[in-house]
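the following block contains a protein sequence and its predicted model.
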Amino acid sequence: MSIRYGLLALLESGPRYGSQLRAEFESRTGATWPLNIGQVYTTLGRLERDGLIVPDGDRDAKQQLYAITDTGREELRDWYRRPVDRTQPSRDELSIKLAMAVGAHGVDIEGIIQQQRRHTLKAMQDYTRLKARALASGTETQDEIAWLLVLEQLIFQAEAEARWLDHCEARLVRLAAGRRPEQGPRPQPETKDEGRAAVAPGPARGGRNR
Amino acid sequence: MTDDNPRTRREQEPEPGPEPRPGPEPTGGGPGNVPVLQLKDLSRVHGSGIAAVHALRGVNLSVWAGELVAVMGPSGSGKSTLLTLAGGLDTASGGQVLVEGRDLAALSRAGLAKVRRASVGYVFQDYNLIPALTAAENISLPRELDGISARQARREALAALEEIGLTEVADRFPDEMSGGQQQRVAIARAMIGDRRLVLADEPTGALDSETGEAVLALLRRRCDEGAAGVMVTHEPRFAAWADRVVFLKDGSVIDESVSPRAESLLTGEGAR
């Protein structure tokens, strides 16, 4: 979806070839989300089908130029006006992994958290180096500013993950500390939803089904 | 996939090992060199007997010139204890602290004071500038204690302020400066002269995000110019400015993250 609107946004400044669109998209985003040319032409085909762009220039030329239509401009304006939907979160592998690790036999959940924390910090270190380099090389052009914003989004996102991992660890420690001795690991009755965590079972959570 | 973008192209680097190393290893230095800071089997116990609290348990850490190391960990993990021992502000219960090869425990009180003044710069969360002295005087004070003339010390302080872009605050008192200005002055003070080790305890703790970043950039630059830095922080975004992040838990180093100038996540298999 974001590629569709990304290409529309680039076409708003004037007609472009597919290869140009790919290069400009990657320049804006620092190749964080690399596009292959097949994706670009598939997306252009859909945009043309929906009346948001039209072929421009010589049909017989080696490469086809595309131009945005008035409908395409209106669609683009609407995209800018509309907030990005966060009410339907995409599946997150880390969340799923930790959710599965709670109560899993023989799984070191704190080890998983630390391993992920190290990986996430490493990612932040990499992004921060890129950011320092981007700042040093200047932030005058639109592409440079756009790239900096994308990098900072990656840093903030990774930071949120690192903080969440800290929180998960602290939560597990608190729950483990509050665990009564007789509540040690035991077979889980299928219909009960309590004492689930082998590492850190919490209090009963009646009324919730998963 | 080949990456043609010069901003994200990755230099050849070894694949990370499958398992985290339990302890740190120096990432710099050549034959014959010594780390600027070396902690060997360092321990600190508060109290004794049943009330003994093990703040640090056998920590090993080497920090080389040009390297910035961040220390992270939950409250009570021993981060600040590590820093105060490294700076000679506290005495270890066991093990050694070596600054530029000198064992702090083997020094006399005067010798320790001299090492602290000549080799170690300390940056505190609450800046710790002397309220009755101006920015320039705060920076020049350690140099005057080193024995150089007041005029020369002021010249050096003004040069340091110019370097951090704060010449306009030279004659202002701490309460006439913003928090970010005070912290940058504190870093300039920590690095004045030939100090090769800077120890920073939550240097961005009281600052907003952008000012904190400016402080980190300054610390980073000092290390790039040849100092060795150790920074305690609980902020992942600031820890990410370091070459290495060391994780402490219950007084022990449990892990570390090394970033050898790589951009691995924006290319190849990690690209989104």
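In hand now; what should we look at? Keep in mind it's a predicted model, so treat the numbers as computed, not measured.

strands of chain A, start to end?
Using DSSP state E, the strands found in chain A span residues A:16-17, A:53-56, A:65-68.

direction included, what does the first one pair up with?
Sheet pairing here is set by DSSP bridges, and for strand A:16-17 it gives strand A:65-68 (antiparallel).

distance between the partner strand and the chain's centre?
29 Å (Cα atoms, centre = their mean, to the nearest Å).

which residues touch that strand?
A:8, A:11-12, A:14-18, A:21, A:44, A:47-48, A:52-57, A:76 (Cβ atoms under 8 Å, 6 or more residues apart in numbering or on different chains). C-beta: built from backbone N, CA, C; applies to glycine.

ok, longest helix in chain A?
Secondary structure of chain A per DSSP state H: the longest helix is helix A:142-177.

list the buried residues in that helix.
Residues A:143-144, A:147-148, A:150-151, A:154-155, A:158-159, A:161-162, A:164-166, A:168-169, A:172, A:175 are the ones in helix A:142-177 that count as buried (16 or more other Cβ atoms under 10 Å in any protein chain shown).

packing partners for it?
With contacts taken as 3 or more Cβ pairs under 8 Å, 6 or more residues apart in numbering or on different chains; DSSP states H and E, helix A:142-177 sits against helix A:18-29, helix A:109-137, helix B:236-239.

so that helix versus helix A:109-137, what angle?
Between helix A:142-177 and helix A:109-137, the angle comes out at 160 degrees (axes from the mean of the first three to the mean of the last three Cα atoms, to 10 degrees).

what average pLDDT does helix A:142-177 get?
On average, the pLDDT along helix A:142-177 is 92.

hmm, back to that, got the strands of chain A as JSON lines, with distance to residue A:34, mean neighbour count and mean pLDDT columns?
Listed next are the strands of chain A as JSON lines, based on distance: least, Cβ to Cβ, whole Å; neighbours: other Cβ atoms under 10 Å in any protein chain shown; pLDDT from 0 to 100:
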{"stretch": "strand A:16-17", "distance to residue A:34": "18", "mean neighbour count": "20", "mean pLDDT": "94"}
{"stretch": "strand A:53-56", "distance to residue A:34": "22", "mean neighbour count": "17", "mean pLDDT": "94"}
{"stretch": "strand A:65-68", "distance to residue A:34": "20", "mean neighbour count": "20", "mean pLDDT": "96"}
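
let's have the ones you listed in TSV, adding distance to residue B:143.
Below are those laid out as TSV (distance: least, Cβ to Cβ, whole Å):
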stretch	distance to residue B:143
strand A:16-17	60
strand A:53-56	67
strand A:65-68	64
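
could you list the contact residues of chain A toward chain B?
A:26-27, A:30-34, A:114-115, A:117-130, A:132-134, A:147, A:155-156, A:158-159, A:162-163, A:166, A:169-170 (Cβ under 8 Å from any Cβ of the partner chain).

from what I can see residue B:127 touches residue B:184, true?
No: checked against Cβ atoms under 8 Å, the pair residue B:127 and residue B:184 is beyond contact range at 9.5 Å.

tell me, what residue is most central in chain B?
What sits nearest the mean C-alpha location of chain B, by Cα atoms, centre = their mean, is residue B:230, with 2.5 Å.

next one: residue B:165 from residue B:214, what distance?
Noted for residue B:165: a distance of 9 Å to residue B:214, by Cβ to Cβ, to the nearest Å.

got the contact list for residue B:94?
So residue B:94 contacts B:41, B:42, B:43, B:45, B:58 (Cβ under 8 Å, 6+ apart).

can you tell me which of those residues is closest to chain A?
residue B:58 (18.8 Å; Cβ to the nearest Cβ).

tell me the secondary structure at the closest one.
Recorded secondary structure, residue B:58: strand (DSSP: H, G, I helix; E, B strand; the rest coil).

and it, what pLDDT?
For residue B:58, pLDDT reads 95.

and for the one 10 residues further on?
For residue B:68, the model assigns a pLDDT of 95.

which residues touch it?
Here residue B:68 is in contact with B:219, B:220, B:223, B:228, B:229, B:230, B:231, B:241, B:242, B:243, B:244 (criterion: Cβ under 8 Å, 6+ apart).
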